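Asker: my questions are about this predicted structure, shown below with the sequence.
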Amino acid sequence: MLYLPEEEKLLGIDGTEEIRKGRPVTLDELYGIIATPNSRSEITKLKYGKTIFKTVTTIDQHGLRISTASHRPGKSKHLLLIDSSMVFGEGLNDDQTLSHIINLKSNKYEAYPIAFYGYGPQQAWVRFKQEKLSSQVLENKGQAIFFTSEWDIWRFFGSLNTLYHTGEFPFIDEVSKGNFVHRGNFKNSGLWWQKLLINYCIPFLFCANFTSKIERRYLDDNQYSIIGRFFEDVERLYRKEFNVESFKIIFTGNSDEAQRLAQHTNIDVIPYLVTNEDSYVDGHLKPEPVIKLADFLFNTKLID
């Protein structure tokens, strides 16, 4: 593994800047990036020089984010929360994350955030494919909720408007209907135009801004068919490793897109709209909407 510097500044598109202290991210050949195990980091994000948020993140020995409510005694079941930065809690301190709130409110379920910055569904598939979670999750019986949106699905396919940060992410190929294999990453094993763009489109920020503007902003039925089967394969791998009560998808994007996904999978797809008012200017959830999301999970009896 390669480690990033102790402190670094990252420039993003649309005027964002991120200052990382404490080595929060580790480059990884399989996942692209992972949370650095046994780390505590401070992250400040700015837009045009104005601070959006300043947070502290704590990561355990397995690379999972934890808080003061993690692993309280008496929990009998697990709840896997699968997503990218929303579930990980970008823009939130440890004690503001979705998993923290659930762990405070539930006397039964221990919530595990199976998530990290910018992940697509492919990282979850790779994690279950490795069959290592059963040695990290203390409770064998439980359930999983897969949070997703149009952006997450675009990351899976390596769309133009996501390639600027997903070049090292896993490239998963459907070799026959419902049969998925890991080919490498988009940079070395993706489609020809993906490899061309990632390896030769420079300067980086120009390409990121350019590609984010030119690509179509919709998913076609064929893509929904593939991703529907892919989610079902993730569920299959999950059930192979654990004693599973249920596996559900919560779609946090456009409700029409949630309905389209539901037409292509046997998994329950539950729409939950995240609005611009719920989010910081960089699109990540503020603390109060995270509490609302947790309340939704309890009020609808998805968890108790």
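Answerer: Now that the structure is in, tell me what you want to look at. Since this is a predicted model, take the numbers as computed values, not measurements. Numbering: from 1, shown residues only.
Asker: count of neighbours near Leu273?
Answerer: Here the count is done by other CB atoms under 10 Å, and Leu273 has 11 residues near it. The C-beta positions use only the backbone N, C-alpha and C, and glycine is treated the same way.
Asker: now swap in Gly190 and tell me
Answerer: Gly190, neighbours per other CB under 10 Å, totals 23.
Asker: helix, strand or coil for the residue sitting furthest away from the middle of the chain?
Answerer: Here the centre of the chain is the reference, and by CA atoms, centre = their mean the most remote residue is Gly74, at 28.0 Å. Put simply, Gly74 is coil when judged by DSSP: H, G, I helix; E, B strand; the rest coil.
Asker: quick check: the nearest residue to it once chain neighbours are set aside vs Asp295, distance?
Answerer: Counting by CB to CB, 6 or more residues apart in numbering, the nearest residue to Gly74 once its immediate chain neighbours are dropped is Asn107, at 6.3 Å. Distance from Asn107 to Asp295, counting by CB to CB, to the nearest Å: 17 Å.
Asker: what's the answer for Asp95, then?
Answerer: 17 Å.
Asker: so which residues of the stretch 101-250 of the chain form helices?
Answerer: 121-130, 150-157, 163-166, 186-189, 192-200, 204-214, 221-241 (DSSP state H, counting those that start in this stretch).
Asker: as JSON lines, these with mean pLDDT and distance to Glu7 would be great.
Answerer: Listed next are these as JSON lines, based on pLDDT from 0 to 100; distance: least, CB to CB, whole Å:
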{"stretch": "helix 121-130", "mean pLDDT": "98", "distance to Glu7": "26"}
{"stretch": "helix 150-157", "mean pLDDT": "95", "distance to Glu7": "27"}
{"stretch": "helix 163-166", "mean pLDDT": "85", "distance to Glu7": "20"}
{"stretch": "helix 186-189", "mean pLDDT": "95", "distance to Glu7": "26"}
{"stretch": "helix 192-200", "mean pLDDT": "85", "distance to Glu7": "27"}
{"stretch": "helix 204-214", "mean pLDDT": "63", "distance to Glu7": "20"}
{"stretch": "helix 221-241", "mean pLDDT": "98", "distance to Glu7": "36"}
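Asker: which residues sit in contact with Asp60?
Answerer: Pro37, Asn38, Ile66, Ser70 (CB atoms under 8 Å, 6 or more residues apart in numbering).
Asker: my guess is the second one meets Leu64, correct?
Answerer: So the one you mean is Asn38. No - at 11.1 Å, Asn38 does not count as touching Leu64 under the criterion of CB atoms under 8 Å.
Asker: what about those two, which has more around it?
Answerer: Set side by side, Asn38 and Leu64 show more neighbours around Leu64, with 20 against 10, by other CB under 10 Å.
Asker: low-confidence regions, the protein specifically.
Answerer: 1-6, 13, 202-206, 208-217 (pLDDT under 70).
Asker: how about Gly49, what does it touch?
Answerer: Gly49 touches Glu17, counting by CB under 8 Å, 6+ apart.
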